[in-house]
Structure formats: C-alpha cells, structure tokens
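Trainee: Sequence first, predicted model second:
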Amino acid sequence: MTVSIRLAGALSAVAMAVSPLAAAQDADTREILAYVLTDAGLAKYTAATRNLAALPGGSPGACDEDSEASSIDDMTAQLNAAPGAKAAI
C-alpha cells in the first residue's frame with residue numbers, strides 16, 4: 001500500500017513538472033474554487049461589463065473566437081492588450 005501511494009505521488013510530481021500548463025490550470029482551478037461572489041463583487045462585474053460593451057467593438061458576444069487563453073494570466077494579458085479595456089474595468 002505504501003509503495004502504491006509513493007508511486008502515485010511520484011507520478012503526480014512528474015506530471016506537474018512535465019506540464020507547466022497543467023500546473024497553471026491547477027492554480028487557476030484552486031483560485032476559482034476559492035472565489036466568493038459578493039454583492040459588491042457583482043456590482044463591480046456589472047459595471048465592468050457595461051463599460052467594456054461601450055468600447056468600440058465591445059458589443060456583447062464580441063470575444064475573439066480564435067483566441068485560446070490557457071490560464072487566467074493569459075486572459076488578463078489579452079484583456080490588457082485591448083485598447084481602453086483596462087480603464088473600463
């Protein structure tokens with residue numbers, strides 16, 4: 001039993017070392033699961049959504065379908081690259 005637990009732990013460590021993408025996704029998953037939406041957070045989200053929609057080309061559903069973000073950091077970088085988006089949020 002101890003051998004199988006150690007082997008599973010070792011394989012998990014190897015998988016995480018081999019795949020930085022998996023590690024980023026795991027960190028994102030933990031962050032999302034820990035998030036608690038409050039009334040204040042919902043109000044900020046609503047305001048940011050309205051501000052983003054008011055930007056040129058920012059109509060609802062105007063996300064770039066060809067853009068694949070693999071982590072929250074990637075999504076943040078893409079959003080920050082859009083002119084006026086950072087200020088809108």
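Mentor: Alright, I've got the coordinates.
Trainee: now residue 38: how far from residue 45?
Mentor: 10 Å (Cβ to Cβ, to the nearest Å). C-beta coordinates here come from the backbone N, C-alpha and C atoms, glycine included.
Trainee: so where's this structure shaky on pLDDT?
Mentor: 1-21, 24, 58-67 (pLDDT under 70).
Trainee: show me where it has helices.
Mentor: 2-18, 20-34, 39-54, 72-81, 85-88 (DSSP state H).
Trainee: on that earlier part again, so residue 38 and residue 45 - more neighbours on which side?
Mentor: Remark: of residue 38 and residue 45, residue 45 carries more neighbours, 12 against 9, as counted by other Cβ atoms under 10 Å.
Trainee: wait, what's in contact with the more buried one?
Mentor: Residue 45 makes contact with no residue, according to Cβ atoms under 8 Å, 6 or more residues apart in numbering.
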